[in-house]
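okay, here's the prediction I keep looking at, along with the sequence it came from:
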Amino acid sequence: LDNAGRNLTRLKTSIERAKETDSRRLRAEYSRLVQGLADQGLLQGGDQLLANPLVPADILHEAVPGNIRRAEHFVMFLKRLV
């Protein structure tokens with residue numbers, strides 16, 4: 001049971017790392033999109049968006065792929081089981 005607990009902790013860490021990687025990718029893609037639109041002059045209110053080109057936290061939370069969300073639920077279930 002101790003080994004199972006350690007493995008679950010390791011699995012949870014891997015899932016958190018994957019979430020952070022996805023979050024960083026989304027922020028970078030959003031920044032490139034805003035910058036590209038501003039460069040082409042297609043962005044209205046561009047100064048405000050360029051001053052704060054961060055993706056809102058609720059969008060980042062929703063952008064977590066389903067397989068990661070399911071993995072988190074699975075790990076929580078296993079921790080309760082162990």
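Alright, I've got the coordinates.

pretty sure Leu1 sits against Leu81.
No. Using CB atoms under 8 Å, Leu1 is not in contact with Leu81, being 10.2 Å away. All C-beta spots, glycine's among them, are computed from the backbone N, C-alpha and C.

mind checking the SS state of Gly36?
Here Gly36 takes the helix state, with states given by DSSP: H, G, I helix; E, B strand; the rest coil.

packing partners for the helix or strand harbouring Leu33?
Leu33 is located in helix 2-40, with elements delineated by DSSP states H and E. Applying 3 or more CB pairs under 8 Å, 6 or more residues apart in numbering; DSSP states H and E, one finds that helix 2-40 contacts helix 46-51, helix 57-62, helix 66-81.

what's the angle from it to helix 66-81?
Here helix 2-40 runs at an angle of 160 degrees relative to helix 66-81 (axes from the mean of the first three to the mean of the last three CA atoms, to 10 degrees).

quick check: mean pLDDT of helix 2-40?
Mean pLDDT, helix 2-40: 86.

give the buried residues for that helix.
Neighbour-count burial for helix 2-40, counted by 16 or more other CB atoms under 10 Å, picks out Leu8, Leu11, Lys12, Ile15, Lys19, Ser23, Tyr30, Val34.
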